[in-house]
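>>> what follows is a protein structure lacking sequence information:
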Ligand SMILES: Nc1ncnc2c1ncn2[C@@H]1O[C@H](COP(=O)(O)OP(=O)(O)OP(=O)(O)O)[C@@H](O)[C@H]1O
Ligand SMILES: [Mg+2]
């Protein structure tokens, strides 16, 4: 791994491909990252969500990132490239994936080892991201089209979304809507997530209206939830995601148990052909994704899932040569992991003095 990190440059440093596996379900007695993550979960308001959300809710050391997108855009190809021994079936036909594939990627941080040494920790467990390769989504999914509802419940259980957007032209690879059009693809996914949130909010508001609680504390909470949900409802009706809505802290807290889909942070993954890697901005689809990502307050990474999948099959020494032949020096996966890492705001906790203490458990 050390050789690979050096070889593939800084963007790849610290990124470890790990086998498909289920992470431990309990915290080890002494670890440096579980407290960190737990704090992160709590501070971002996702801790309670992780413990309370979804049928498969459990305590996990990993943050979960869901790979979503239209069918046949390269989600499983990307998953296999990131997760060593990733065995997701990736093939040129829509709805190839039905049940989600799960894998864990460890992200060691050099600073973590320094802190671990200082604290004489018995065990140091790097931060990890659990990746979930989710079935493709089509228009009408919120009403059950395609694999609709099943897909949406898989998204509800992740902490962040990696949305793969097809930016490569290839007549041999079927596009479910007949042409490569990132804006339309992104709109389809966002609309389905919005519809799903709207339906959930309507039901919840109805319930809140009928509430007859006499408990003053509960009343205050319900009021906060109602005002938060009404603000979000207005934004959703306007086509804007819940995460774009400014809420007071008490409103945020009151609505977090709903795990709204459009509240989750998103990174758009522009999936390009190998010849675009050296100069991705030369591809107008990539530019379009970049603009939309900014408009939607989201991150963006350009990657070729196909190249990454091929790279992962090569002996380490040959990877650098292959990248060089494409006019690039770094694997796109490093950037993707870095972007996810940044999006999740984990770095702060390694560098902010008072929070470093949280590393000791
Ligand atoms: N950057 C790329 N350039 C060319 N072909 C690609 C690229 N990325 C993926 N593909 C090809 O696209 C096809 C679909 O890939 P994949 O099975 O990963 O899609 P998917 O999004 O997981 O689909 P589904 O939703 O049906 O599960 C495969 O044949 C794969 O090799
Ligand atoms: Mg798939």
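Okay, I see it. None of these values were measured; they are calculated from a predicted model. Ligands and ions are numbered 1, 2, ... in the order given.

>>> quick one: the residue nearest to residue 285 when sequence neighbours are not counted from ligand 1, how far?
Closest residue to residue 285 apart from its sequence neighbours, by CB to CB, 6 or more residues apart in numbering: residue 167 at 3.9 Å. Yep, even glycine has a C-beta here, placed from its N, CA and C like the rest. Distance, residue 167 to ligand 1, using CB to the nearest ligand atom, to the nearest Å: 8 Å.

>>> quick one: the strands in the stretch 151-300 of the chain?
Here the stretch 151-300 of the chain has its strands, by DSSP state E, counting those that start in this stretch, at 160-166, 266-271, 299-303.

>>> can you tell if the first one touches ligand 2?
By that I understand strand 160-166. No. Interface with ligand 2: strand 160-166 contributes nothing (CB under 5 Å from the ion), its closest point being 9.6 Å away.

>>> stretch 150-162 vs ligand 1: in contact?
No. When contact is scored as CB under 6 Å from any ligand atom, no part of stretch 150-162 falls within range of ligand 1; the minimum is 9.5 Å.

>>> for residue 275, give me its contacts.
Contacts for residue 275 (CB atoms under 8 Å, 6 or more residues apart in numbering) come out as residue 326.

>>> export the strands of the stretch 151-300 of the chain to TSV and tack on mean pLDDT and mean neighbour count?
Output for these, formatted as TSV (pLDDT from 0 to 100; neighbours: other CB atoms under 10 Å):
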stretch	mean pLDDT	mean neighbour count
strand 160-166	95	26
strand 266-271	96	26
strand 299-303	93	21
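
>>> residue 74 - nearest residue in space that isn't next to it in sequence?
Residue 74 sits nearest to residue 305 (CB to CB, 6+ apart), 3.9 Å away.

>>> so who does the one you found touch?
Residue 305 neighbours (CB under 8 Å, 6+ apart): 74-75, 77-78, 81, 164, 269, 271.

>>> now residue 69
75, 136-137, 163-166, 185, 189.

>>> my read is that residue 213 contacts residue 221, right?
No. Counting by CB atoms under 8 Å, residue 213 stays clear of residue 221, with 9.3 Å between them.

>>> quick one: which of the two has more around it?
More neighbours surround residue 221 than the other of residue 213 and residue 221, with 15 against 11 (other CB atoms under 10 Å).

>>> tally of neighbours for residue 310?
Residues near residue 310, counting by other CB under 10 Å: 15.

>>> residue 77: what's it in contact with?
Per CB under 8 Å, 6+ apart, neighbours of residue 77: 90, 305-306, 308-309.

>>> which one of those residues sits in the busiest neighbourhood?
residue 305 (27 neighbours).

>>> show the pLDDT at that one.
Residue 305 is assigned 94 on the pLDDT scale.

>>> over to the one 3 residues further on?
The pLDDT attached to residue 308 in the predicted structure is 89.

>>> could you report the separation of it from residue 280?
Going from residue 308 to residue 280 by CB to CB, to the nearest Å gives 14 Å.

>>> also residue 339?
14 Å.

>>> which positions in the stretch 51-200 of the chain make contact with ligand 1?
69, 71-77, 90-92, 94-97, 135-136, 168, 170, 173.

>>> among those residues, which are in helices?
75-77 (DSSP state H).

>>> need the residues you listed in JSON lines with pLDDT, can you?
Shown next, in JSON lines, are these (pLDDT from 0 to 100):
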{"residue": "75", "pLDDT": "94"}
{"residue": "76", "pLDDT": "94"}
{"residue": "77", "pLDDT": "94"}
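
>>> which one of those sits closest to ligand 2?
Nearest to ligand 2 among those: residue 76, at 3.2 Å, using CB to the ion.

>>> which residues are in contact with the closest one?
88-90, 96-97, 101, 133.

>>> which of those residues has the most neighbours?
Counting by other CB under 10 Å, top hit in the contacts of residue 76: residue 133 with 28 neighbours.

>>> now do it against residue 67, distance only.
5 Å.

>>> common neighbours of the two, please.
75, 78-79.

>>> just name the closest of those to residue 193, please.
residue 75 (15.9 Å; CB to CB).

>>> the closest one is in contact with residue 134, isn't it?
Yes. Residue 75 is within contact range of residue 134, at 7.2 Å (criterion: CB under 8 Å).

>>> okay, and the common contacts of the two?
67-68, 97.

>>> now, which of the residues you listed sits nearest residue 260?
Nearest member of those to residue 260, counting by CB to CB, is residue 68, at 15.1 Å.

>>> now for the closest one: which residues touch it?
75, 134, 137, 151, 155, 161-164, 189.

>>> any weak-confidence spans in the stretch 51-200 of the chain?
51-62, 84-85, 107-110, 146-149 (pLDDT under 70).

>>> helices and strands around the top helix by length along the chain, which ones?
Secondary structure of the chain per DSSP H: the longest helix is helix 182-210. In terms of contacts (3 or more CB pairs under 8 Å, 6 or more residues apart in numbering; DSSP states H and E), helix 182-210 is packed against helix 148-156, strand 160-166, helix 216-237, helix 284-295.

>>> and with 10 Å instead?
strand 63-68, helix 148-156, strand 160-166, helix 216-237, strand 266-271, helix 284-295 (3 or more CB pairs under 10 Å, 6 or more residues apart in numbering; DSSP states H and E).

>>> switch the ones you listed over to a markdown table; also include distance to residue 318.
Below are these laid out as a markdown table (distance: least, CB to CB, whole Å):
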| stretch | distance to residue 318 |
| --- | --- |
| strand 63-68 | 26 |
| helix 148-156 | 35 |
| strand 160-166 | 26 |
| helix 216-237 | 48 |
| strand 266-271 | 23 |
| helix 284-295 | 27 |
